[in-house]
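[1] With the sequence up front, the predicted model follows.
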Amino acid sequence: MASIITATTTSGLTHSADNSGVLQLASGTGNLVTIPSVTGTAMVSGNMPAFSAYPSSNQSVTTATSTKILFQTEVFDTNNNFASSTFTPTVAGYYQFNAYLSPNTSVTRILVMLYKNGSRVNILLDGTSVPATGGGGTILYLNGTTDYVEVYGRLDGSSPAFNSASDSTYFSGFLVRAA
Amino acid sequence: MTLYEKIKQIYPSLTDADFDLFKGTIELQNDSDGKGDYIKFWNHPTLKQPTQEELDAV
């Protein structure tokens, strides 16, 4: 059951009410938006976290060493959840992440990895072809309080470094569905 | 000298395969927190993990 506000094609706006605590918005064609009573969160564009960032400078790393990538320059961060190259959302839900890394030195292998709470959860790229560059995406659940996500990269080669170009080294993410 | 290079100098028999992320037995990591590279895990079947003193001596 629910309290329902309906926009009809004959009587304009009508409504019916009950004590369920659930609110539904309906159009004359029957489309519904349901706002839950106690649990769950109805998201609007203003509070759906999304961010995108890229490095401010090239990052030297040690060969064969998984290294946290620094993304100091924010393109946007709608909910102020991105800091210190770490995304810690304040809204629980399922998030899409994208990361793309490129070396600015000659390397024989590149790995792009997503870490959740300090542990590797997804390999987004394991590339050995030349030029070894690229990335990928995945969806992760984050609890909206303590969960956080970082990007780690690894280059195998002599004195390797990651490129800082914003179009080839970036980390972005957004809320797909609140939970 | 990097941690990777120090380990290779202590154990010249190690190859890149030993440091392979999926098939290797040694993983090195750097959390970009100013503390530098460190051994995340060492599971080599015959060589013991070098001590900090051994690494510092290289």
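    Yes, it's here.

[2] if I pick the closest residue to A:Val149 other than its chain neighbours, what's in contact with it?
    With sequence-adjacent residues excluded and distances taken as Cβ to Cβ, 6 or more residues apart in numbering or on different chains, A:Val149 is closest to A:Phe87, at 4.8 Å. No exception for glycine: its C-beta is placed from N, CA and C like everyone else's. Contact analysis of A:Phe87 by Cβ atoms under 8 Å, 6 or more residues apart in numbering or on different chains lists A:51, A:81, A:95, A:97, A:148-150, A:171, A:173.

[3] Just give me the closest of the residues you listed to A:Ala17.
    A:Tyr95 (35.8 Å; Cβ to Cβ).

[4] Return the residues in contact with that closest one.
    A:49, A:87, A:89, A:139-142, A:149, A:173-176.

[5] Any idea what the residue nearest to A:Val149 is bridged to?
    Going by DSSP bridges, A:Phe87 is paired in beta bridges with A:Phe82, A:Val149.

[6] ok, now how distant is it from B:Phe41?
    Shown here: A:Phe87 relative to B:Phe41, a distance of 25 Å by Cβ to Cβ, to the nearest Å.

[7] likewise A:Asn122?
    Distance from A:Asn122 to B:Phe41, by Cβ to Cβ: 19 Å.

[8] neighbour-wise, which of these two wins?
    Using other Cβ atoms under 10 Å in any protein chain shown as the criterion, A:Asn122 and B:Phe41 rank with A:Asn122 on top: 17 against 12.

[9] mind checking the SS state of the more buried one?
    Put simply, A:Asn122 is strand when judged by DSSP: H, G, I helix; E, B strand; the rest coil.
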